[in-house]
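Novice: this is a predicted model, with the sequence first.
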Amino acid sequence: MGRLNLPFVGIPTFGKREYVYNWEKLSADIAILGAPFDCGTQFRSGARFGPRSIREASTLFSFGHAGAYDHEDDKVYLNSDVKIVDMGDADIVHTDTFKSHKNIEFAVKCALNAGSLPVIIGGDHSINIPCINAYEGQQHFHVLQVDAHLDFVDERHGVKFGHGNPMRRAAEKNYVSGLTQIGIRNVSSTAKEGYEQARLMGSDIISVRQARHMGMVNVVNRIPKNERLYISIDIDAFCPSIAPGTGTPSHGGFLYYEVLELLKQVAHRNQVIGIDLVEVAPDYDQSGSTAVLAAQVLLNFLGFIFSK
């Protein structure tokens, strides 16, 4: 007889999927990578524990090989035809941003070389920088950022690779064709000049209120159709009422189904080539609901991508 294998039993890999230690032998449709780096934060740290907490939360949805049936869509998502593996974490060297980022970049390249879809769990948003670096030499792609903050600071007191810089660094890449930045709101970490520069460099910036006024279908239509797409999701894009476990919360954010509808639509109209989800800092949420939200968003999104 097989094991019942309840969520609280065993070692909590992402979704209780296979752990692959040897990245040279990686063979999967989806490769989950932890990037527990939070030395790029400007306020509250703790996102280094994001990958661990999201993996733990994801065991709630460890539905096994039968997949997950959604009665609204009348579909079974992530069945046995879709192979997900957990690569573990990139090695982090404390106090050394450059080395830590290089280790993350190397791990993402291993996933890409294996033909897997890289799904990176941060960590603060600076981990997006090495993730984007890993795509150098590939075909161009568009970046979709779902976030409360623009993260478009060029340099501040010598800092160019913190969690306020990733979208600026991405926009500088000749293989990044443009950015759509959704959810940006309130007093931002980026000055007015940063917004102006972002627009000059090809960014389309949409706030939560603007997105709600437009409707999500019209928001998605602003994203170049059929363009290869890398998606970066900062958990503070969500309202702190449902995602308090983050270092830089910002009120007035999205609710769960708003983001889910966005991701569902882009999954069906664009080729998704990479995903990162960042800034979950579990110690600021004793209920654990932020990590559950993150795990649920990722699993649903992956289901949408592989249901084509």
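Specialist: Sure thing, it's come through.
Novice: use CA for all of it now, contacts and neighbours both
Specialist: Fine.
Novice: correct me, but Phe141 touches Ile231?
Specialist: No - using C-alpha atoms under 8 Å, Phe141 makes no contact with Ile231, being 10.4 Å away.
Novice: which helix or which strand is home to Val272?
Specialist: If you go by DSSP states H and E, Val272 is part of strand 271-278.
Novice: could you list every helix and strand in contact with that strand?
Specialist: Counting contacts by 3 or more C-alpha pairs under 8 Å, 6 or more residues apart in numbering; DSSP states H and E, strand 271-278 packs against strand 117-122, strand 228-234.
Novice: give me the angle between the longest one and strand 117-122.
Specialist: Angular relation of strand 228-234 and strand 117-122 on a 0 to 180 degree scale: 20 degrees, by axes from the mean of the first three to the mean of the last three C-alpha atoms, to 10 degrees.
Novice: that older thread, make TSV from the helices and strands packed on strand 271-278 and add mean neighbour count, distance to Glu18 and mean pLDDT to it.
Specialist: As requested, the helices and strands packed on strand 271-278 are exported to TSV (neighbours: other C-alpha atoms under 10 Å; distance: least, C-alpha to C-alpha, whole Å; pLDDT from 0 to 100):
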stretch	mean neighbour count	distance to Glu18	mean pLDDT
strand 117-122	27	15	98
strand 228-234	23	24	98
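Novice: so which of those is nearest Asp38?
Specialist: For the helices and strands packed on strand 271-278, the distance to Asp38 is smallest for strand 117-122, at 8.1 Å, taking C-alpha to C-alpha.
Novice: what packs against the helix or strand just after the closest one?
Specialist: Next helix or strand after strand 117-122 toward the C-terminus (DSSP H and E): helix 128-133. Counting contacts by 3+ C-alpha pairs under 8 Å, 6+ apart, helix 128-133 packs against helix 97-113, helix 166-171.
Novice: just say helix, strand or coil for Glu24.
Specialist: Per DSSP: H, G, I helix; E, B strand; the rest coil, the secondary structure class of Glu24 is helix.
Novice: that one against Cys110, yeah?
Specialist: Yes - assessed by C-alpha under 8 Å, Glu24 is found in contact with Cys110 at 7.2 Å.
Novice: quick one: which of these two has more around it?
Specialist: Cys110 (20 against 11; other C-alpha atoms under 10 Å).
Novice: the closest residue to that one other than its chain neighbours and Ala90, how far apart?
Specialist: Nearest residue to Cys110 in three dimensions, chain neighbours excluded: Trp23, at 6.4 Å (C-alpha to C-alpha, 6 or more residues apart in numbering). Trp23 sits 11 Å away from Ala90, going by C-alpha to C-alpha, to the nearest Å.
Novice: so which of the two has more stuff around it?
Specialist: Taking neighbours as other C-alpha under 10 Å, Trp23 and Ala90 compare with Ala90 leading, 21 against 14.
Novice: which parts of this protein are helices?
Specialist: Taking DSSP state H, the helices of the chain run over residues 50-58, 97-113, 128-133, 166-171, 192-200, 208-214, 216-221, 256-269, 289-305.
Novice: how about the ones you listed, which one is nearest His71?
Specialist: helix 289-305 (13.5 Å).
Novice: please state the offset of that closest one from the chain centre?
Specialist: Relative to its parent chain, helix 289-305 has a centroid offset of 10 Å by C-alpha atoms, centre = their mean, to the nearest Å.
Novice: please export the C-alpha coordinates of that helix as PDB.
Specialist: Once non-C-alpha atoms are left out, helix 289-305 reads as follows in PDB (Å, rounded to 0.1, in the frame of the first residue of the first chain):
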ATOM      1  CA  SER A 289      -1.500  33.500   5.400                       C
ATOM      2  CA  THR A 290       1.000  35.500   3.300                       C
ATOM      3  CA  ALA A 291       3.100  32.400   2.600                       C
ATOM      4  CA  VAL A 292      -0.100  30.500   1.800                       C
ATOM      5  CA  LEU A 293      -1.100  33.200  -0.600                       C
ATOM      6  CA  ALA A 294       2.300  33.100  -2.300                       C
ATOM      7  CA  ALA A 295       2.200  29.400  -2.700                       C
ATOM      8  CA  GLN A 296      -1.400  29.400  -4.000                       C
ATOM      9  CA  VAL A 297      -0.600  32.200  -6.600                       C
ATOM     10  CA  LEU A 298       2.400  30.300  -7.900                       C
ATOM     11  CA  LEU A 299       0.600  26.900  -8.100                       C
ATOM     12  CA  ASN A 300      -2.400  28.400  -9.800                       C
ATOM     13  CA  PHE A 301      -0.300  30.400 -12.300                       C
ATOM     14  CA  LEU A 302       1.800  27.300 -13.100                       C
ATOM     15  CA  GLY A 303      -1.500  25.400 -13.700                       C
ATOM     16  CA  PHE A 304      -2.700  28.100 -16.100                       C
ATOM     17  CA  ILE A 305       0.700  28.100 -18.000                       C
END
